[in-house]
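A.B. asks: What follows is a predicted structure for the sequence shown.
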Amino acid sequence: MPQITYTDHAGATTVVEGNVGDSVMETAVRHGVPGIVAECGGSLSCATCHVFVDSGHLGLLDPMSEMEDEMLYGTAVDREDNSRLSCQLRLQDGCDLHVTTPETQV
């Protein structure tokens, strides 16, 4: 099972195991990880699951879609080069991830 390390803006970490095929957002919601609001439930119509992906893990992920790129301009905290929407990050076998949540999602 892939392991995800969620770090909040203050540095507190939560480590959970996820299911292959699930999103980083779904896994966070299922485990009550703070910092992921997921207002739209993963339908790519909000930006309340914004995360910063550890730079060493960016190459392990599928490329960002044009729609995700557009949605990232609506985040509450300015996007960065490693910004992604966690609803669009699917867990893969043998691929552990580390993401950091911004100070706020709304």
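C.D. replies: Alright, I've got the coordinates.

A.B. asks: ok, the residue nearest the centre of the chain - contacts?
C.D. replies: The residue lying closest to the centre of the chain (C-alpha atoms, centre = their mean) is residue 86, at 2.7 Å. By C-beta atoms under 8 Å, 6 or more residues apart in numbering, residue 86 lies in contact with 23, 24, 25, 28, 36, 38, 49, 50, 51, 99. Where you see a C-beta, it was placed from the backbone N, CA and C, and this is true even at glycine.

A.B. asks: Output the below-cut-off pLDDT ranges for this protein.
C.D. replies: Regions of the chain meeting the criterion pLDDT under 70 are absent.

A.B. asks: So which of the contacts of residue 86 belong to strands?
C.D. replies: Mapping the contacts of residue 86 onto strands (DSSP state E) picks out 50, 51, 99.

A.B. asks: Near the second one, how many residues? Count them for me, please.
C.D. replies: Looking back up the chat, that one is residue 51. Counted with other C-beta atoms under 10 Å, the neighbours of residue 51 add up to 27.

A.B. asks: contacting residues around it?
C.D. replies: 6, 24, 36, 83, 84, 85, 86, 89, 99, 100, 101, 102.

A.B. asks: re the thing from before, may I have the phi/psi pair for the residue nearest to the centre of the chain?
C.D. replies: Main-chain torsions, residue 86, degrees, to the nearest 10: phi -70, psi -20.

A.B. asks: all helices for this protein, in order.
C.D. replies: Counting by DSSP state H, the chain has helices at residues 24-30, 66-71.

A.B. asks: Which strands and helices lie in contact with the shortest one?
C.D. replies: Spelled out, it's helix 66-71. When contacts are defined as 3 or more C-beta pairs under 8 Å, 6 or more residues apart in numbering; DSSP states H and E, helix 66-71 sits against strand 83-85.

A.B. asks: What residues of the strand it packs on count as buried?
C.D. replies: For strand 83-85, the neighbour count (16 or more other C-beta atoms under 10 Å) marks 83, 84, 85 as buried.

A.B. asks: what separates it from the chain centre, distance-wise?
C.D. replies: Strand 83-85 sits 6 Å away from the centroid of its parent chain (C-alpha atoms, centre = their mean, to the nearest Å).
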